[in-house]
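# Mind looking at a prediction? Sequence and model below.
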Amino acid sequence: MKALKHPALQIGIAAVAGIAFGLLVGDWAANVKFVGDLFIRLIQMSIVPLVMASVISATASISGKGAGTLAGRTFAWMIGFSLVAAVLAWGLSTLFQPGSGMVFDGELDPTLEESAAQATGWQDTILGFVSTNIFDAMSTATMVPIIIFALLFGAALNAYIANTGNRQLLDVVEQVQQVVLTMVRYVMYAAPVGVFCLLAALAGDVGFAVVTTALAYLGTTLLGVVILFALFVTVVALRTRLSPWKLPRKLAEQTAIAVTTTSSAVTFPTVLRNAVEKVGISERVANFTLSVGLTMGSYGAVLNYMIVVMFLAQAGDVDLTIGQIVMGMVLAVLLNMGTITVPGGFPVVAMFLATSLGLPFEAVGLLIAVDWFTGIFRTFLNVNGDTFVAMLVASASGEIDRDVYEGREPVPAEDVDTAELDDRLEPAENAG
């Protein structure tokens, strides 16, 4: 009975029950979808303040040299793994030819063409990383401009504190972070109900038919995720000297949320909490690396987007040049930085890739039909990959508590660092 109280198990049971219920009642299950949508919205409304507070707090709290080293290690691992993901996707797609023989016979939403046409090239993608109005970016949850603003604001606040010794604003930011985390803990009590309703509606709408659609595409993506995950675990085990056999239990809760919501943003608060409480990563590294990783460490997205490029080329019998393949990889890496934080961004991304590389967009309809499943694969790798990168960064700087990781010191978050973290973590833990 004690096991039934575990959040990951509760969510898993709710997921299975939701699918069974949806298959049983069919289209009627759409009537409960609004409950699942409400759960997602309750989580999403906390993401912008949580990410901003986390990045500002992490950046403002560290010295200049420490900030540069931390950022350098974080971006080096993220970019490195993203490039590996893109190359692996190209290799697997070339080997298995997932798009060969595919035929598109449905209609494509014309609004997708209009949305994709708004982005005319990689220059616009890069320009989109900086917003002319941060409040507009916050209102639409456009995460990359928010991250960049928070990094600059945190760096400026860091310099201000160094010059004046006044930490009042930083203290307020840290308190906001803890209040939002407490709010998220309240919302997560409803996670099993939300997941049940979301999956019930999906199963009632599409049944099992969607599972068999574009099976080669799904299989190629899944194989790529498995290979990348194994690579992550191997690198982490070799670099940190920590036992990889303890990882499944530590990642179980965030994995359950990730695969049932297909949203890195919805899973982010759980990832942030588990990194400190279960893995033993310092709050400093967790705040910075995981917040940046939310939009810039989407390795599953890079893998999937490059497979999409190859799939569309193969479906349309288009022979890509070396230059087009390299451009596809570059676009896959760039696009992952702003589209993976919430569900539903894939169709426009697929259309953008097709139009940018001159590929037949008609076959996008097949990919959209199974995107919920590829979303599971992407989000699983995105979420856990961010944790792995945080482990690598923390280990390199000696900021991972091995006693916490090994389970010799199972301490809650408020006790992670009694010297300097109690005041910031204890209020949220006591309230939640």
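Happy to help now that I have it.
# Please make it C-alpha for all contacts and neighbour counts, starting now.
OK.
# And the host helix or strand of Phe232, what does it pack against?
Secondary structure from DSSP states H and E places Phe232 in helix 215-240. With contacts taken as 3 or more C-alpha pairs under 8 Å, 6 or more residues apart in numbering; DSSP states H and E, helix 215-240 sits against helix 64-96, helix 299-315, helix 371-396.
# which one of those helices has the lowest average pLDDT?
Per-stretch averages of pLDDT across the helices and strands packed on helix 215-240 put helix 64-96 at the bottom, with a mean of 85.
# what comes up buried for that one?
67, 70-71, 73-75, 77-79, 81-90, 92-93 (16 or more other C-alpha atoms under 10 Å).
# Measure how that helix sits relative to helix 371-396, angle-wise.
140 degrees (axes from the mean of the first three to the mean of the last three C-alpha atoms, to 10 degrees).
# how big is the angle separating helix 64-96 from helix 299-315?
If you take the same axes, to 10 degrees, helix 64-96 sits at 30 degrees to helix 299-315.
# Going forward, count from 38.
Sure, I'll start numbering at 38, so the last one becomes helix 101-133.
# measure the nearest residue to Ala52 once chain neighbours are set aside to Ser130 for me?
Of all residues not flanking Ala52 in the chain, Phe233 sits nearest, at 5.3 Å (C-alpha to C-alpha, 6 or more residues apart in numbering). According to C-alpha to C-alpha, to the nearest Å, Phe233 and Ser130 sit 34 Å apart.
# ditto for Arg110
Arg110 is 30 Å from Ser130, by C-alpha to C-alpha.
# before we move on, what about Gly73?
35 Å.
# ditto for Thr299
Distance of Thr299 to Ser130, given as C-alpha to C-alpha: 23 Å.
# Ok, Leu46 next?
From Leu46 to Ser130 the distance is 35 Å (C-alpha to C-alpha).
# still on that earlier bit, hmm, who's touching the next helix or strand after the helix holding Phe269?
For helix 252-277, the following helix or strand on the C-terminal side (DSSP H and E) is helix 284-298. Residues outside helix 284-298 that contact it (C-alpha atoms under 8 Å, 6 or more residues apart in numbering): 44-46, 48-49, 52, 77, 232, 236, 301, 303-304, 307-308, 311, 315-316, 380, 412-414, 416-417, 420-421.
# just the angle between helix 284-298 and helix 252-277, please?
Using the same axes, to 10 degrees: helix 284-298 against helix 252-277 is 150 degrees.
# Tell me how far helix 284-298 lies from the chain's centre.
Helix 284-298 sits 12 Å away from the centroid of its parent chain (C-alpha atoms, centre = their mean, to the nearest Å).
# and if you look at stretch 192-211?
For stretch 192-211, the distance to the chain centre is 29 Å (C-alpha atoms, centre = their mean).
# before we move on, what about stretch 342-358?
A distance of 25 Å separates the centroid of the chain from that of stretch 342-358, by C-alpha atoms, centre = their mean.
# Can you list the neighbours in contact with it?
Outside stretch 342-358, the residues touching it (C-alpha under 8 Å, 6+ apart) are 123, 126-127, 130-131, 134-140, 254, 257-258, 365-366, 369, 387, 390-391, 396-398, 400-401, 404.
# So how do I select the buried members of those in PyMOL?
Here is the PyMOL command that selects only those of the contacts of stretch 342-358 that count as buried (16+ other C-alpha under 10 Å):
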select buried, resi 123+126+127+130+134+135+136+137+139+254+257+258+365+366+369+387+390+391+396+397+398+400+401+404
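# Please tell me how far Asp438 sits from Thr111.
Asp438 is 19 Å from Thr111, where distance means C-alpha to C-alpha.
# try Asp440
For Asp440, the distance to Thr111 equals 23 Å [C-alpha to C-alpha].
# One more: Glu436?
According to C-alpha to C-alpha, Glu436 stands 14 Å off from Thr111.
# Quickly find the element holding Phe186.
helix 180-201.
# Report the inter-axis angle for that helix versus helix 101-133.
Computed by the same axes, to 10 degrees, the angle separating helix 180-201 from helix 101-133 equals 160 degrees.
# So which bits of the helix or strand following helix 180-201 are buried?
The element immediately downstream of helix 180-201 (helix or strand, assigned by DSSP H and E) is helix 205-225. For helix 205-225, burial by neighbour count (16+ other C-alpha under 10 Å) applies to 207, 210-222, 225.
# With stretch 424-441 instead?
Buried, per 16+ other C-alpha under 10 Å, within stretch 424-441: 424-432, 436-439, 441.
# where in the stretch 38-187 of the chain is pLDDT low?
Within the stretch 38-187 of the chain, the stretches with pLDDT under 70 are 38-45, 95, 99-104, 138-162, 178-181.
# just the helices in it please.
44-62, 70-97, 101-133, 147-154, 159-164, 171-176, 180-201 (DSSP state H, counting those that start in this stretch).
# The longest one to helix 70-97, inter-axis angle?
Same thing as helix 101-133. Relative orientation of helix 101-133 and helix 70-97, computed by the same axes, to 10 degrees: 140 degrees.
# same deal with the first one?
Helix 44-62 runs at 150 degrees relative to helix 70-97, counting by the same axes, to 10 degrees.
# still on that earlier bit, looking at the buried residues of stretch 424-441, which two lie furthest apart in space?
Val426 and Val441 (17.8 Å; C-alpha to C-alpha).
# the residue most distant from the middle of the protein, which is it?
Thr201 (37.0 Å; C-alpha atoms, centre = their mean).
# Give the full set of residues in contact with that residue.
Per C-alpha under 8 Å, 6+ apart, neighbours of Thr201: none.
# Distance check, it against Ala187.
In terms of C-alpha to C-alpha, Thr201 sits 20 Å off from Ala187.
# Straight-line length of stretch 389-397, end to end?
11 Å.
# my bad, stretch 314-330
Using C-alpha to C-alpha, the end-to-end distance of stretch 314-330 comes to 19 Å.
# Rounded mean pLDDT for it, please.
Stretch 314-330 comes out at a mean pLDDT of 86.
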